[in-house]
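[1] Predicted structure and sequence below. I'll ask about it afterward.
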There are 2 protein chains.
Amino acid sequence: MTKNYHLTPGPSELYFTVPDHIQMALKNNVASISHRSQAFKDIYAHTEKEVRKLLSIPEDYFMVFTSSANEIWERLLQNCTSESSFHLVNGSFSKKFYDFSTQLGRNAQKVEAPFGEGFKTDEIEFPSDVEMICLTQNETSSGVQLPVEEIYKVRERNQEALIVLDAVSAVPYVDLDLTKIDSLYFSVQKGMGLPAGLGVWVFNQRCVDKCNQLMEAGQKVGTYHSIPALLKQAENNMTPETPNVLNIYLLGKVAEDMNRRGVDMIRGEMDYKSTMTYGLLDRHPNFKPIVDNKDHRSKTVIVTEVIGKEPSEVIDYLKKEGLIIGTGYGKYKANQVRIANFPTHSKEIYFKLNDLLESLK
Amino acid sequence: MTKNYHLTPGPSELYFTVPDHIQMALKNNVASISHRSQAFKDIYAHTEKEVRKLLSIPEDYFMVFTSSANEIWERLLQNCTSESSFHLVNGSFSKKFYDFSTQLGRNAQKVEAPFGEGFKTDEIEFPSDVEMICLTQNETSSGVQLPVEEIYKVRERNQEALIVLDAVSAVPYVDLDLTKIDSLYFSVQKGMGLPAGLGVWVFNQRCVDKCNQLMEAGQKVGTYHSIPALLKQAENNMTPETPNVLNIYLLGKVAEDMNRRGVDMIRGEMDYKSTMTYGLLDRHPNFKPIVDNKDHRSKTVIVTEVIGKEPSEVIDYLKKEGLIIGTGYGKYKANQVRIANFPTHSKEIYFKLNDLLESLK
């Protein structure tokens, strides 16, 4: 039996070193140690160091762990807004963050692009007094990216509002100057190639100040995962609750592996694989990438319409050869498929994928 | 080198079948499958079925997944109270739940027992109009248990308030008629012997009704992990966010293993081990279990004062023989140790532990 290889947009194939790291974790009792022990603190410190290096996180930015990116949407709104947020919505995940804000009683405002289209931020009218501007670097549902230059322009035009960036399926591909935004967050089951169940939240002093200001005004900002509660434990390389220790360990190991290989080389390989695959899809009679504007095409989640066939035909054909690709998101299952291009997906697998898609003609 | 064996009160030694289940999970790509796929829904359904069987959860009680028991404290308060909660506090964890309620702006009330003492619920004056009564079946910090008969008496005397039970280090030992309470919750890194990072929350229709009533009155009950959001996905064997898929899988496998062995046999063995160990500690010159009242002594977390030695001497002595026991909780590190008695801890290990403690005299 061919081993199934997941090119799904998350959860996806594990980073190729993960199975070995899990064996070592079992051997060393990583899942049994106390989350208040020095052994755990050492793991925490190692993971933080390697992730900071991989993503060039400035020293004066904080980094803490949550259980998911969904959780970070909620914590950002609870801790850093009292009234309003503004969302660039162009897919299902950016839309969900907007919905969370409404559910928490904020005045949530949005500018919306059709599914598959991106934003030119010059053309957006930002509300002048909004507390938080919510951007999505890579929409996992539609495969649209927001180029980093567009993000920097948002900062230039909005000095007051906090700018927070969803980098869920962008990390570690996106090469970003974090000093131009106030918060970035991601979960680990996409580009980092880990089992799901861990979120990473990076934020600066402006977010902390905003939280303190809201608390002084009487706002309730949550309990164990409020910014103050998280920071109090993070100072000592700990978390408020018993966390997903195994995943924190694995994240450190994988980030270390990626740093050893070099993030530039990893990004270069991802460019190569995406260029090759978009090239094929553009000239293939049965496919049409749904993002027209090449600057807005995601490098990490390739979304294409399927023409003249059912998407399930394509999916089943590849599955027979051991390659699992993703369905379209939600209602787009009917005519789209999604293909992940993460660091764990080797060039060799991508050659095989391209050959198979070619042979579908 | 002797393999280290964790008798710590959580995280603790993995259930002895977990390493094999992890190998099988890796082989079958459990960490790579989509959380919206049929494969995941099947895993979810299997886990729910086995946990329901293990804990005799009534059919009309709901069961959902969170990331920790800390999270469930917050969700219970957000979803099922608007004004007040009442807490039986006799250790650090029951105290934290009380603190969460204060932090969320509720009128949190408590009756407090000294560390190491339990409650006779007859003697407690319950406020007549409180929305939620919060009990802890087993205080992991102090090793005090609340006998199930005491819990049932609380129900008899309080028909209106929701009664919620912290069973974090009690499951699967505690043999409880769940129809006598409204909610029970636990995390999986204690008695279930799993890696940390998953909470299980069980609640009845009364909790759902209360949440709906608060929402109708305009209360914000959170976002992705509000009761309605959790139930909407649970109906289809899914979670709102990408969850800790690996742990959900492992929980189902371990619950199945325990069901095969029989929960009564597992409980019987735990009784045997705790009786033997308390017996030794009671007559040993260097130890004095901190809970005097034998009805209130936890069967799953044995806490003892260390007399005439430093706790670290005892801990180091056992460690040399490969047995890792827990420190006292927080400031009690100075004169106490804690020993877990979970299903994974075999009689043979407990014989060895008792022999070693005996030889310390």
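    Happy to help now that I have it. Just so we're clear, the structure is a prediction, and the values are computed from it rather than from any experiment.
[2] ok, which stretches of chain A are strands?
    A:5-7, A:62-66, A:84-89, A:107-112, A:132-136, A:138-139, A:144-145, A:162-166, A:183-187, A:199-203, A:287-289, A:301-306, A:323-327, A:336-340 (DSSP state E).
[3] quick one: is the last one near chain B?
    Pointing back at strand A:336-340 there. No: using Cβ under 8 Å from any Cβ of the partner chain, strand A:336-340 stays clear of chain B, with a minimum separation of 10.4 Å. In this view, the C-beta of every residue, glycine as well, is placed from N, C-alpha and C.
[4] what's the answer for the third one, then?
    No: remark: strand A:84-89 sits outside contact range of chain B, by Cβ under 8 Å from any Cβ, the gap being at least 12.7 Å.
[5] Could I get the full set of helices for chain A?
    A:18-27, A:38-55, A:69-80, A:92-103, A:148-157, A:205-216, A:227-234, A:245-261, A:263-283, A:311-320, A:347-358 (DSSP state H).
[6] Out of the strands of chain A, which one sits most buried?
    Neighbour counts (mean count of other Cβ atoms under 10 Å in any protein chain shown) averaged over each of those peak at strand A:138-139, with a mean of 30.
[7] Please produce JSON lines containing the strands of chain A, extended by mean pLDDT and distance to residue B:340.
    Converted to JSON lines, these look like this (pLDDT from 0 to 100; distance: least, Cβ to Cβ, whole Å):
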{"stretch": "strand A:5-7", "mean pLDDT": "97", "distance to residue B:340": "37"}
{"stretch": "strand A:62-66", "mean pLDDT": "98", "distance to residue B:340": "25"}
{"stretch": "strand A:84-89", "mean pLDDT": "98", "distance to residue B:340": "45"}
{"stretch": "strand A:107-112", "mean pLDDT": "98", "distance to residue B:340": "46"}
{"stretch": "strand A:132-136", "mean pLDDT": "98", "distance to residue B:340": "44"}
{"stretch": "strand A:138-139", "mean pLDDT": "96", "distance to residue B:340": "44"}
{"stretch": "strand A:144-145", "mean pLDDT": "97", "distance to residue B:340": "48"}
{"stretch": "strand A:162-166", "mean pLDDT": "98", "distance to residue B:340": "40"}
{"stretch": "strand A:183-187", "mean pLDDT": "98", "distance to residue B:340": "31"}
{"stretch": "strand A:199-203", "mean pLDDT": "98", "distance to residue B:340": "29"}
{"stretch": "strand A:287-289", "mean pLDDT": "98", "distance to residue B:340": "55"}
{"stretch": "strand A:301-306", "mean pLDDT": "98", "distance to residue B:340": "44"}
{"stretch": "strand A:323-327", "mean pLDDT": "97", "distance to residue B:340": "40"}
{"stretch": "strand A:336-340", "mean pLDDT": "98", "distance to residue B:340": "41"}
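[8] can I get those strands in CSV with distance to residue B:84?
    Below are the strands of chain A laid out as CSV (distance: least, Cβ to Cβ, whole Å):
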stretch, distance to residue B:84
strand A:5-7, 48
strand A:62-66, 29
strand A:84-89, 31
strand A:107-112, 30
strand A:132-136, 32
strand A:138-139, 43
strand A:144-145, 47
strand A:162-166, 34
strand A:183-187, 34
strand A:199-203, 32
strand A:287-289, 56
strand A:301-306, 47
strand A:323-327, 47
strand A:336-340, 48
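[9] Pick the most buried one from the helices of chain A.
    By mean count of other Cβ under 10 Å, the helices of chain A have helix A:69-80 as the most buried, with a mean of 25.
[10] any idea of the angle it forms with strand A:84-89?
    150 degrees (axes from the mean of the first three to the mean of the last three Cα atoms, to 10 degrees).
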